[in-house]
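J.: can't give you the sequence, but here's the structure:
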């Protein structure tokens with residue numbers, strides 16, 4: 001009953017212009033309602049009339065929370081705290097009108113307000129106010145509160161040096177007019193756009209705290225860079241495709257906080273589950289379930305400190321991927337785990353799974369079917385994903401690349417020498433080696449396959465000594481390449497190894513090669529079906 005009467009006491013207090021103390025009005029109202037059993041509306045009218053006020057100015061509606069206020073309403077009663085206010089003088093139909101506009105906020109939300117033909121004591125930031133008989137209009141698809149000469153607004157309480165508590169990003173709604181928060185700039189990119197017929201420079205990116213990371217757009221240059229921790233006041237938000245986007249306008253203030261550290265920023269977006277074969281470089285917030293094929297713990301130096309790192313291999317029924325973890329990982333080979341909140345980065349084009357303290361790891365509820373052997377790929381698929389580990393490719397040898405034959409390697413690092421020089425160790429006495437570099441094609445794409453000495457000798461039938469003698473006689477590698485071409489060109493082979501990508505395309509470091517005993521008729525049928533599908537037949 002106490003809280004129910006409070007808003008009615010405020011209603012009477014406002015009508016009487018503060019001439020009668022709230023406590024007096026409260027006691028009178030309790031006397032009328034509880035002891036004399038007078039209805040609440042009649043009691044309020046009687047009390048106001050007794051103290052010389054106008055009973056017709058009392059509120060007849062029910063006070064609304066700001067979140068309940070809609071566009072196109074009249075007779076709106078509400079209360080809240082003034083977040084900001086400013087006075088203006090505008091001209092309408094040749095007449096100057098003085099108005100005060102600002103933003104009103106309560107626990108449920110915020111709404112812009114305008115007091116038309118404003119006179120009297122100003123309404124300032126931090127004032128707790130009550131409003132009666134206002135009306136609303138729509139501005140940019142949002143309700144705006146209008147206080148006319150028929151409305152009333154009065155200050156219930158003034159708070160000096162008022163400041164609202166900054167919100168956590170996860171609690172920010174999708175259509176807030178003004179919001180304060182602290183966040184860390186995860187990324188920021190400049191962009192020039194055309195808006196209302198003129199070019200403007202904006203900045204967009206991601207900003208986050210430990211609860212959530214969201215997109216932002218800055219409509220002016222605030223001088224923010226990646227890694228800055230900033231206090232933002234007066235931003236507004238939009239919701240698009242279910243995601244919150246924060247906008248920093250001309251009226252927004254952005255302050256860099258030098259003493260504030262946000263150690264851990266939440267991943268952007270909701271975690272999404274992927275098969276391992278579908279993982280691509282740059283993906284974030286992914287969820288993967290698989291069986292651990294290998295896992296090891298390492299102590300490494302990072303920024304002058306000893307840190308623990310976990311690395312290994314995880315596989316599901318579609319393929320396998322190397323992982324690196326920067327958090328506790330008490331799991332061993334053979335266990336099936338689910339890793340959520342991980343991200344994907346590539347090394348030489350090969351996707352690798354990364355996770356840290358923001359990721360969640362658990363034992364899978366069911367045993368994951370894992371591809372523990374080698375996964376067979378088409379070259380076109382490898383080109384699209386950037387590479388793979390332990391990939392098997394069936395393809396035809398279409399060319400023998402330069403660099404095949406006798407090579408001299410650095411005795412320290414095994415890099416190939418050029419004119420007797422190692423690019424790391426300088427002039428050295430080279431160690432002879434034999435390698436073959438093949439160009440292979442499977443109909444979906446082509447790549448280079450690099451064979452070491454053991455595989456080169458087994459596949460070609462030539463030994464290192466054979467190649468060295470042939471090179472000494474002819475004084476070039478051309479004869480060696482011709483001999484190898486006569487044996488391998490147009491051979492159909494199965495290659496297994498790790499496939500990487502660079503500026504020159506795909507390269508496989510081959511660890512196994514054998515004859516591809518493929519079914520020609522079956523392959524031709526599959527190729528025919530693909531052609532028919534691509535033609536839409």
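T.: Yep, it's here. Given the structure is predicted, the values throughout are model-derived calculations rather than measurements.

J.: State the distance from the residue most central in space within the chain to residue 506.
T.: Closest to where the C-alpha atoms of the chain average out (C-alpha atoms, centre = their mean) is residue 268, at 2.7 Å. Between residue 268 and residue 506 the computed distance is 30 Å (C-beta to C-beta, to the nearest Å). Heads up, the C-betas are built off the backbone N, CA and C, glycines and all.

J.: who's in contact with the nearest residue to the residue nearest to the centre of the chain once chain neighbours are set aside?
T.: Spatial nearest neighbour of residue 268, excluding adjacent residues (C-beta to C-beta, 6 or more residues apart in numbering): residue 213 at 4.3 Å. Neighbour list for residue 213: 169, 186, 206, 207, 265, 266, 267, 268, 269 [criterion: C-beta atoms under 8 Å, 6 or more residues apart in numbering].

J.: cutoff 6 Å now
T.: Residues in contact with residue 213 (C-beta atoms under 6 Å, 6 or more residues apart in numbering) are 186, 206, 265, 266, 268.

J.: before we move on, what about residue 409?
T.: By C-beta under 6 Å, 6+ apart, residue 409 lies in contact with 416, 431, 433.

J.: what's the neighbour count on the first one?
T.: Put plainly, it is residue 416. By other C-beta atoms under 10 Å, the residues close to residue 416 number 14.

J.: give me the beta-bridge partners of it?
T.: Beta-bridge partners for residue 416, by DSSP bridges, are residue 409.

J.: Tell me the spacing between it and residue 431.
T.: Look at residue 416 and residue 431: by C-beta to C-beta, they are 11 Å apart.

J.: go on, residue 271?
T.: Distance, residue 271 to residue 431, by C-beta to C-beta: 50 Å.

J.: More neighbours: those two, which one.
T.: Neighbour totals were compared for residue 271 and residue 431, and residue 271 leads with 17 against 13 (other C-beta under 10 Å).

J.: ok, residue 121 - contacts?
T.: No contacts exist for residue 121 under C-beta under 6 Å, 6+ apart.

J.: now do 8 Å
T.: Going by C-beta under 8 Å, 6+ apart, residue 121 touches residue 155.

J.: secondary structure class for residue 454?
T.: Three-state call for residue 454 (DSSP: H, G, I helix; E, B strand; the rest coil): helix.

J.: What segments of the stretch 251-400 of the chain are helices?
T.: In the stretch 251-400 of the chain, the helices defined using DSSP state H, counting those that start in this stretch lie at 379-385.

J.: Which residue ranges of it form strands?
T.: Along the stretch 251-400 of the chain, counting by DSSP state E, counting those that start in this stretch, strands occupy 253-256, 272-273, 286-302, 305-316, 319-325, 336-347, 350-355, 360-363, 375-376, 388-400.

J.: between the ones you listed, which gets the lowest average pLDDT?
T.: Mean pLDDT values for the strands of the stretch 251-400 of the chain show the minimum at strand 375-376, a mean of 81.

J.: who's in contact with residue 247?
T.: 216, 217, 218, 219, 235, 236, 237, 238.

J.: What separation is there between the first one and residue 253?
T.: I take that to be residue 216. 15 Å.

J.: Comparing these two, which residue is more hemmed in?
T.: Higher neighbour count among residue 216 and residue 253: residue 216, with 25 against 13, using other C-beta under 10 Å.

J.: What does the pLDDT read for residue 88?
T.: At residue 88, the predicted lDDT confidence score is 85.

J.: what is it paired to in the beta sheet?
T.: Residue 88 has these beta-bridge partners by DSSP bridges: residue 99.

J.: count of residues packed around it?
T.: With other C-beta under 10 Å as criterion, residue 88 counts 11.

J.: dump the residue contacts of it.
T.: Contacts of residue 88 by C-beta under 8 Å, 6+ apart are 98, 99, 100, 101.

J.: Does the second one touch residue 114 like I think?
T.: In this case it means residue 99. Yes: taking C-beta atoms under 8 Å as the definition, residue 99 is a contact partner of residue 114 at 5.7 Å.

J.: how far away is residue 259 from residue 441?
T.: 60 Å.

J.: Give the residue from these two that has the larger number of neighbours.
T.: residue 441 (14 against 5).

J.: mind listing what the more buried one touches?
T.: Contacts for residue 441 (C-beta under 8 Å, 6+ apart) come out as 379, 395, 396, 398.

J.: Go through those residues and name the one nearest residue 496.
T.: Of all these, residue 496 sits closest to residue 395, with 11.8 Å by C-beta to C-beta.

J.: pretty sure the closest one is touching residue 442, no?
T.: Yes: between residue 395 and residue 442 there is a contact under C-beta under 8 Å: 4.0 Å.

J.: Mutual contacts of these two, please.
T.: Taking C-beta under 8 Å, 6+ apart as the criterion, residue 395 and residue 442 both touch residue 379.

J.: okay, the two: which has more neighbours?
T.: Taking other C-beta under 10 Å, residue 395 and residue 442 do not tie; residue 395 has more neighbours (25 against 19).

J.: what pairs with that one across the strands?
T.: Residue 395 has the following beta-bridge partners by DSSP bridges: residue 493.

J.: Can you pull out the low-pLDDT segments for the stretch 351-500 of the chain?
T.: Within the stretch 351-500 of the chain, the stretches falling below the threshold (pLDDT under 70) are 366-374.

J.: 50 - rerun?
T.: Judged against pLDDT under 50, the stretch 351-500 of the chain has no low-scoring part.

J.: Out of the contacts of residue 247, which is nearest to residue 325?
T.: Comparing the contacts of residue 247 against residue 325 with C-beta to C-beta places residue 216 closest, at 29.7 Å.

J.: give the contact list for residue 494.
T.: 392, 393, 394, 513, 514, 515, 516.

J.: What about the nearest residue to it once chain neighbours are set aside, how many residues nearby?
T.: In space, and not counting its chain neighbours, residue 494 is closest to residue 516: 4.4 Å by C-beta to C-beta, 6+ apart. Residue 516 has 17 neighbours, counted by other C-beta under 10 Å.

J.: Tell me the spacing between residue 516 and residue 389.
T.: To residue 389, residue 516 is 21 Å away according to C-beta to C-beta.

J.: do the same with residue 425
T.: For residue 425, the distance to residue 389 - C-beta to C-beta - is 29 Å.

J.: of the two, who's got more company?
T.: Using other C-beta under 10 Å, the more surrounded residue of residue 425 and residue 389 is residue 389, with 19 against 13.

J.: and the residue nearest to residue 69 when sequence neighbours are not counted, what pLDDT?
T.: Spatial nearest neighbour of residue 69, chain neighbours left out: residue 143 (5.4 Å); criterion: C-beta to C-beta, 6+ apart. pLDDT, residue 143: 91.
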